[in-house]
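Chemist: have a look at this prediction, sequence included:
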Amino acid sequence: MKINIEKEYPNIAKVIEEKDLDELRYFVVVDENYADIDDEELDVYDPEDYNYLVYVTERLSSVLKEEGLKELIGRLYELKEFESFLDSEIDLYGVKSQLDGDKIAKTVLAIIDEILGKRQ
């Protein structure tokens, strides 16, 4: 999905070098989680418990650093839009939600933008 990073997420735009990035996937990748017998994530993220996998890209995780990622995780745990949430890695999460993938990505980006805004 196309976005205007400078308009929609100004605090993120201030800290990234590439200003011409215009798609959600450059910042947060949200994939549908489905049962695949060859999938190594299946034992951690059961598709019945987590219908999406969310990955914060290196572009954002490097500016958030560990402290910001931990704050993000705490905020994501509290979201009422997520029926369940699991952070098995600091930048990879399982989510169960009725939201679609784009809305999940935008929700995560909005929180990241707030976290970065508090630092400036």
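Modeler: The structure has been received and is ready for your questions.
Chemist: strands of this protein, start to end?
Modeler: Shown for the chain, the strands assigned by DSSP state E span residues 28-32, 52-56, 82-89, 92-97.
Chemist: residues in contact with the third one?
Modeler: Just to be clear, that refers to strand 82-89. The list of residues contacting strand 82-89 from outside it, by Cβ atoms under 8 Å, 6 or more residues apart in numbering, reads 44-45, 49-50, 73, 76-77, 79, 93-98. The C-beta positions use only the backbone N, C-alpha and C, and glycine is treated the same way.
Chemist: between which two of the residues you listed is the distance greatest?
Modeler: The span of these, defined through Cβ to Cβ, is set by V44 and Q98 at 21.9 Å.
Chemist: these two - which one has more neighbours?
Modeler: The residue with more neighbours, out of V44 and Q98, is V44; 15 against 9, by other Cβ atoms under 10 Å.
Chemist: check that one and give its pLDDT.
Modeler: Turning to V44, the model gives it a pLDDT of 78.
Chemist: next one: L21
Modeler: Per-residue confidence for L21 comes out at a pLDDT of 86.
Chemist: list the contacts of stretch 48-64.
Modeler: Under the criterion Cβ under 8 Å, 6+ apart, external residues in contact with stretch 48-64 comprise 12, 15-16, 18, 26-33, 41, 45, 69, 72, 84, 86, 90-97, 101, 104-105, 108, 112, 115-116.
Chemist: let's see it at 7 Å
Modeler: Applying Cβ atoms under 7 Å, 6 or more residues apart in numbering, the set of residues contacting stretch 48-64 from outside is 15-16, 26-33, 41, 45, 69, 72, 84, 86, 91-97, 101, 104, 108, 112, 115.
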